[in-house]
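Chemist: only the shape, not the letters, is given here:
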DNA sequence: ACGTTACTGGAATGAACGATCCAGAGCCTG
DNA sequence: CAGGCTCTGGATCGTTCATTCCAGTAACGT
């Protein structure tokens, strides 16, 4: 059971267009407003903790508008997942992890972000994953696909490092990409609970050390 | 802001005794049954996804029984957290991580467990943490305390390793304990989403490699 | 034995939820 | 400008939820 790794990259601003009826410009804007409001709310309160009336109020739309664009809450959740996946990939695009220096910049940026958030909220995909993975197979598959793309993007950077000669040829970039991603997810969780970025820093440093161990001397 | 690291260790079977009215033996059994049923349900469906009627049915008690022992749902959640913290500490007690061999046994046991579960459900504390950390300060503090105790227990093992001479004296056991814990949490999440234990294995192996890097030659 | 307290059963309450319905307004197309 | 879409507003429905109430039964202390 293989999951297709993305088809096309959707526009984050307007989000995925549904297969159904055509959307006019105003329609697309309204739909995007709903998804954005739902994503925000669900990131902060969780999916189950976000009611449809909550979303209606935040997006300033009526119930009939929401149900005009989405079949039901589950459909809205699917759209939110797609939205958040694109968000994460967009952010990761800004941090191609293709050198030890860029890895450290990425680490610092992540930590700074959590600091700014006062350690509230973890990973936008991670919290959705924890809540939905076991109960909604379609959601799980979509999130698995999102993580796979994210991992791929990290791996791309490591491959660039190796091709440039920074990494020893036998370096297992597949493995290192998972190590980096797992360290981020685990570090974010511990940080969210403890309200201190210490755990995140330690976890990311350890992961980066694993990459460093595969570099050809001359550290960054 | 320091969080007290546990007061006394409660009995997992009967759980924490409430400060309030005395409980008779039958009362303790009923209370424990409710907490157990709630913990099971909340592990599988999440806290918000677990309704009081669900718990009543699973525990085979009436509403008045539940509200006899717990003020409200939030109070029940607090009891569930305490229950799960004790569970995790009990399990970790069975795996004192005081040698490379024991670390590898622990890794194998965790992976085997997730395999048996078909990768459904992550960490019993992690899923609670993700859902509650931002919205319920008391729950967050209790979970932070639980994680701190867990981390302490891991650290104890590493200290034993160091005292036995397996670890180089300057080895930073505080750091290593966090690395192990973060790798576990992150690995479990990725495994839950992908439905494969590969990520978990990779993450734990990388963390154990960090410990190994601090050992005095003669690998295990 | 008796009074108090712990414990239990089951119906009831009010609020909130997800979802639907209907009627109308805006807007392209022909 | 006429027809048929898209889009919107707001009331409404049935359900489920957390919680309470009242009445009764068991068990403990004295």
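Modeler: Arrived safely, thanks for sending. Quick caveat: nothing in here was measured; it's all calculated off a predicted structure. Numbers count the residues shown, from 1 in each chain, chains lettered A, B, ... in the order given.
Chemist: make it CA atoms for all contacts and neighbour counts henceforth
Modeler: Fine.
Chemist: please give the element, helix or strand, for the residue nearest the centre of chain A.
Modeler: Centroid-nearest residue in chain A, with Cα atoms, centre = their mean: residue A:88, separated by 3.6 Å. Using DSSP states H and E, the element containing residue A:88 is helix A:73-93.
Chemist: for that helix, which positions count as buried?
Modeler: Going by neighbour count (16 or more other Cα atoms under 10 Å in any protein chain shown), the buried part of helix A:73-93 is A:76-89, A:92.
Chemist: could you tell me which residues make contact with the residue nearest to residue A:39 when sequence neighbours are not counted?
Modeler: Using Cα to Cα, 6 or more residues apart in numbering or on different chains and skipping the chain neighbours, the partner closest in space to residue A:39 is residue A:80 (5.4 Å). Residues in contact with residue A:80, defined by Cα atoms under 8 Å, 6 or more residues apart in numbering or on different chains, are A:35, A:36, A:38, A:39.
Chemist: same thing with residue A:196?
Modeler: Counting by Cα under 8 Å, 6+ apart, residue A:196 has contacts residue A:119.
Chemist: a strand runs through it, doesn't it?
Modeler: No: Residue A:196 is assigned coil when assessed by DSSP: H, G, I helix; E, B strand; the rest coil, not a strand.
Chemist: count the residues that sit near residue A:139.
Modeler: 24 (other Cα atoms under 10 Å in any protein chain shown).
Chemist: swap that for residue A:53, sorry
Modeler: 12.
Chemist: now residue A:113
Modeler: 12.
Chemist: would you check how far apart it and residue A:204 are?
Modeler: Distance from residue A:113 to residue A:204, counting by Cα to Cα, to the nearest Å: 14 Å.
Chemist: which parts of chain A belong to which domain?
Modeler: A:13-83, A:95-219 (automatic domain parsing).
Chemist: can you flag the weakest of these by average pLDDT?
Modeler: Lowest mean pLDDT within these: domain A:13-83, at a mean of 89.
Chemist: gap between it and the chain center?
Modeler: 18 Å (Cα atoms, centre = their mean, to the nearest Å).
Chemist: let me see the ranges of the helices in chain A.
Modeler: Per DSSP state H, chain A carries helices over the ranges A:25-45, A:52-59, A:63-69, A:73-93, A:100-116, A:124-132, A:137-164, A:173-194, A:198-212.
Chemist: rewinding a little: and the angle for the helix holding residue A:88 with helix A:25-45?
Modeler: 80 degrees (axes from the mean of the first three to the mean of the last three Cα atoms, to 10 degrees).
Chemist: which residues of chain A lie near DNA strand C?
Modeler: By Cα under 7 Å from any atom of the strand, the residues of chain A that approach DNA strand C are A:24, A:48, A:50-54, A:63-64, A:67, A:71-74.
Chemist: tell me the one of those nearest residue B:172?
Modeler: Nearest to residue B:172 among those, counting by Cα to Cα, is residue A:48 at 40.6 Å.
Chemist: what about the closest residue to residue A:207 other than its chain neighbours, distance to residue B:202?
Modeler: Closest residue to residue A:207 apart from its sequence neighbours, by Cα to Cα, 6+ apart: residue A:180 at 5.4 Å. Residue A:180 sits 10 Å away from residue B:202, going by Cα to Cα.
Chemist: looking at these two, which is more packed in?
Modeler: Higher neighbour count among residue A:180 and residue B:202: residue A:180, with 26 against 20, using other Cα under 10 Å.
Chemist: residue A:159 reaches residue A:172, doesn't it?
Modeler: No: between residue A:159 and residue A:172 there is no contact under Cα atoms under 8 Å: 9.4 Å.
Chemist: please name the residues that touch residue A:168.
Modeler: A:162, A:214, A:215, A:216 are the contacts of residue A:168 under Cα under 8 Å, 6+ apart.
Chemist: now the buried members of those.
Modeler: Of the contacts of residue A:168, these count as buried by 16+ other Cα under 10 Å: A:162, A:214, A:215.
Chemist: can I get the residues you listed in a markdown table with distance to residue B:195?
Modeler: What follows is those, written out as a markdown table (distance: Cα to Cα, whole Å):
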| residue | distance to residue B:195 |
| --- | --- |
| A:162 | 30 |
| A:214 | 29 |
| A:215 | 32 |
